[in-house]
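Colleague: fold the stuff below for me.
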Amino acid sequence: MTPQHFVDVVHEVVYRSAVNDVVANLSEVPRGADATLGNASAWYNALPPDARAHARAIAEMAAHHALFGLFCVLDGVRAAESTRDKGRFILAYNKGGVATTLNPPNGELLHDLLNDAVARDRR
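Modeller: Numbers count the residues shown, from 1 in each chain. Purely as a prediction, here's the structure:
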C-alpha cells in the first residue's frame with residue numbers, strides 16, 4: 001500500500017461514508033436515535049432542496065477538516081504535544097510480513113494527498 005492508496009481508501013471508506021451516513025440519518029432517523037438527531041432531522045427535512053445541498057456541503061467540510069487535522073498530526077506539521085521535545089508518529093501498513101511506512105519523513109504529505117482527493121470530488 002502506498003500513501004496515495006491509503007489516503008484514497010480513507011477518503012472512500014471514512015470521508016464519503018461519514019458524509020453519506022450523516023445525510024442518510026438526517027433524511028430518515030434510525031430507530032433508537034436520540035432527540036438531538038430527531039430535531040436535526042426535522043429541520044433538515046423541512047429544508048428546500050438547495051438548502052439540503054448546502055447542509056450536505058457543510059457535512060463534507062466537517063469530514064474534510066477532521067481528516068485533514070488528523071493527517072496533519074500524522075504528518076508532523078500539527079503538534080500533538082505541547083512539550084519542546086516532540087515525538088513523531090510513524091504510520092505503517094503491514095501485509096505478508098512487509099511493513100510500508102505511509103508517512104515517511106521525506107515523503108508525500110497525507111494531508112496534501114487528502115486535499116487532492118477532495119478537490120477531485122468537487123470537479
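Colleague: so what's the closest residue in space to residue 110 that isn't next to it in sequence up against?
Modeller: Nearest non-adjacent residue to residue 110, counting by C-beta to C-beta, 6 or more residues apart in numbering: residue 71, 3.9 Å away. Quick note: C-beta positions are derived from backbone N, CA and C, even for glycine. Residue 71 makes contacts with 7, 109-111, 113-114, as judged by C-beta atoms under 8 Å, 6 or more residues apart in numbering.
Colleague: so which of these is the closest to residue 56?
Modeller: Nearest to residue 56 among the contacts of residue 71 is residue 114, at 18.7 Å by C-beta to C-beta.
Colleague: pLDDT of the helix or strand containing the closest one, averaged?
Modeller: Under DSSP states H and E, the secondary-structure element containing residue 114 is helix 110-122. Average pLDDT, helix 110-122: 93.
Colleague: re earlier: next, format the contacts of residue 71 as a markdown table and append distance to residue 57 and neighbour count.
Modeller: Formatted as a markdown table, the contacts of residue 71 follow (distance: C-beta to C-beta, whole Å; neighbours: other C-beta atoms under 10 Å):
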| residue | distance to residue 57 | neighbour count |
| --- | --- | --- |
| 7 | 21 | 24 |
| 109 | 25 | 17 |
| 110 | 23 | 25 |
| 111 | 20 | 21 |
| 113 | 22 | 22 |
| 114 | 17 | 21 |
